[in-house]
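**Student:** Below are the sequence and a predicted model for it; my questions follow.
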Amino acid sequence: MRTGVQWTGTIGPGATRRWFTWGWPPAWHVVWYLMPTSPKIGAPQLDWDVAVERANSTQCTHWITVKNLTSNTVTFEGRYAVLS
């Protein structure tokens, strides 16, 4: 397994935004997760959903929709883990 940070982002209070990342091999099992870098105790800050597009025979595009669950701006890392 290998892990990394694909991007850093900022999302406003209560906002929903979509990011994409392209060129991933379709044979890879990629898990996407987010890690807030702006601390706020007491409740979850972010929720996300992942969709995949098979762009061509050798590449996939991952679409990550992020929702800020707070009334504050949140900065975060878009992280991945390649499981195979």
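**Tutor:** Okay, I see it.
**Student:** give me the number of residues near V66?
**Tutor:** Residue neighbour count, defined by other Cβ atoms under 10 Å, stands at 19 for V66. Placement of C-beta: from N, CA and C, glycine included.
**Student:** dump the residue contacts of T16.
**Tutor:** T65, V66, K67, N68 (Cβ atoms under 8 Å, 6 or more residues apart in numbering).
**Student:** List the contacts of the third one.
**Tutor:** This points to K67. I11, A15, T16, L46, D47, W48.
**Student:** which residues does the residue of the chain positioned farthest from its centre contact?
**Tutor:** Distance from the C-alpha centroid of the chain, by Cα atoms, centre = their mean, peaks at S57 (23.4 Å). Residues near S57 by Cβ under 8 Å, 6+ apart: none.
**Student:** just curious, which of the contacts of T16 is nearest to S38?
**Tutor:** N68 (10.5 Å; Cβ to Cβ).
**Student:** Check the contact between that closest one and G9; I expect there is one.
**Tutor:** No - look at N68 against G9 with Cβ atoms under 8 Å: they stay out of range, at 10.2 Å.
**Student:** Who has more neighbours out of these two?
**Tutor:** N68 (21 against 17).
**Student:** What is the burial count for the nearest residue to the more buried one once chain neighbours are set aside?
**Tutor:** Of all residues not flanking N68 in the chain, I11 sits nearest, at 4.5 Å (Cβ to Cβ, 6 or more residues apart in numbering). For I11, the neighbour count with other Cβ under 10 Å is 21.
**Student:** do the same with P44
**Tutor:** Neighbour count for P44, taken as other Cβ under 10 Å: 9.
**Student:** so which strand or helix has it?
**Tutor:** Under the criterion of DSSP states H and E, P44 resides outside all helices and strands.
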